[in-house]
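In: mind folding the following:
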Amino acid sequence: MLSRVRLGLGIRRRMVKAPLDPARIAWSFDIYSWLAELEAGHWVLDIGSGEGSFQWACLGCVAALDEDPKSFRNAPDRDPSSYHRVCGRGDRLPFGDHSSDLIICHHSLEHLDGLERVLGEMARVLKPDGRLYVAVPNGYGLCDAVYRFVFEGGGHLSRFAREPLAGMIERTVGVRLARWQKLYSSFAYLRRLMNLMATRPAGLSRRLRRLGRFPWALGAAQWVLYLGSRLADRVLGTDFGVYGWALYFDHGSGAPVEDPPYVNVCLNCGAGHHALSVHRPYPGVYRCKICDRVNPFVRPFRNSA
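Out: This next block holds a predicted model:
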């Protein structure tokens, strides 16, 4: 009997997958790689920042721009000496010429009207050796289609395809695409809608009120879309699970590099994780490092990580 117990404990220990030492992981390039290179006196312009595009931990100063002052209400406290919130429009940036070392446009370009004017303003304020980061949804993909249906457009004014958009940015801003990465979706907006329905705020559209009557259906739909899209992508070679791209522009030369995408994305908070970096307490699941929620684990396929 005792030997069986010991055997069972041994199996349980082997079932638990501890995360690999971060130093041994081949991490994909991301925006934090550029943020880490900033020095004191460098300026970052975060266009359409809302509460803040990223967890800032850089030596430079940040100008967080948004045309809606209400978007700053729930923003976390920042050091006022290095983080500045500015109300303004993307097509009329209230900054001097060649004043920004890095411009960030993180899932805001699709919400801005007058794309050419916005890109022209980016070209004006970006330094000659500056960098530009743009993340946008695939306007013709499954994730964006579901989002637009649920939220009746959801404020998305433009539909983007990767190559035409990258070419337009290169021509208008005067930069070249250095790297890019597919961004996988967890359809987390359905989870946020479930949470929103718990409070029943005023002013919701008729469609949202109807969907809110069946929160269990929203949760089930998220799981089906998450697992079904990845299964289709693995078996059929599609990109149903990809909601968009991260595009990195600089003033260098050479062909752009495609970085491996992360297929394990938290259903709750939407954070992406390298498959080797997560703690897997049980077979088939992992625990999110950001919000500590348990999620289904997907083994990487194709060139994903």
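
In: and the helix of greatest length in the chain, what's buried?
Out: Within the chain, and with DSSP state H defining each element, the longest helix by residue count is helix 215-236. Going by neighbour count (16 or more other Cβ atoms under 10 Å), the buried part of helix 215-236 is 218, 221-222, 225-226, 229-230, 233-234. The way it works is simple: take the backbone N, C-alpha and C, and place the C-beta from them, glycine included.

In: and if you look at stretch 270-290?
Out: In stretch 270-290, the ones that count as buried by 16+ other Cβ under 10 Å are 270-280, 286-288.

In: end-to-end on that stretch?
Out: By Cα to Cα, to the nearest Å, the extent of stretch 270-290 from end to end equals 9 Å.

In: now do the strands in the stretch 151-300 of the chain.
Out: Residue ranges of the strands in the stretch 151-300 of the chain, as given by DSSP state E, counting those that start in this stretch, are 176-184, 242-250, 257-259, 264-265, 272-273, 285-287, 294-296.

In: which regions of the stretch 1-150 of the chain sit below the pLDDT cut-off?
Out: Scanning the stretch 1-150 of the chain with the threshold set as pLDDT under 70 gives 1-17, 20-23, 25-26, 56-57, 75, 80-81.

In: do I have it right that G50 meets E67?
Out: No: because the distance of 10.6 Å does not satisfy Cβ atoms under 8 Å, G50 is recorded as not touching E67.

In: identify the contacts common to the two.
Out: With contacts defined as Cβ atoms under 8 Å, 6 or more residues apart in numbering, no residue is shared by G50 and E67.

In: who's in contact with the one helix or strand D144 maps to?
Out: The secondary structure element spanning D144 is helix 142-150 (assigned by DSSP states H and E). The set of residues that contact helix 142-150 without belonging to it, under Cβ under 8 Å, 6+ apart, is 137-138, 154, 156, 159, 185, 187, 189-190, 193, 207-208, 211, 225, 229, 240-244.

In: run the last query once more with 6 Å
Out: Among residues not part of helix 142-150, those counted as contacts by Cβ atoms under 6 Å, 6 or more residues apart in numbering are 137-138, 154, 185, 189, 240, 243.

In: rewinding a little: in the buried residues of helix 215-236, which two residues are the furthest apart from each other?
Out: Among the buried residues of helix 215-236, the pair separated by the greatest distance (Cβ to Cβ) is L218 and R234, at 24.9 Å.

In: returning to what we had before: switch the strands of the stretch 151-300 of the chain over to TSV; also include mean pLDDT and distance to R73.
Out: What follows is those, written out as TSV (pLDDT from 0 to 100; distance: least, Cβ to Cβ, whole Å):
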stretch	mean pLDDT	distance to R73
strand 176-184	97	27
strand 242-250	97	26
strand 257-259	95	34
strand 264-265	97	27
strand 272-273	92	27
strand 285-287	95	31
strand 294-296	96	29
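
In: now the ones you listed as TSV including distance to V62?
Out: As requested, the strands of the stretch 151-300 of the chain are arranged in TSV below (distance: least, Cβ to Cβ, whole Å):
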stretch	distance to V62
strand 176-184	22
strand 242-250	18
strand 257-259	24
strand 264-265	26
strand 272-273	22
strand 285-287	31
strand 294-296	30
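
In: can you tell me which of those strands is packed in deepest?
Out: strand 264-265 (a mean of 24; mean count of other Cβ atoms under 10 Å).

In: parallel or antiparallel, list what pairs with that one.
Out: According to DSSP bridges, strand 264-265 forms sheet pairs with strand 272-273 (antiparallel).

In: so how far is Y147 from the nearest residue to T238 once chain neighbours are set aside?
Out: Once its chain neighbours are removed from consideration, T238 has its nearest residue in A232; the separation is 5.1 Å (Cβ to Cβ, 6 or more residues apart in numbering). Applying Cβ to Cβ, to the nearest Å, the value for A232 to Y147 is 18 Å.

In: repeat that for A217.
Out: Computed as Cβ to Cβ, the A217 to Y147 distance reads 17 Å.
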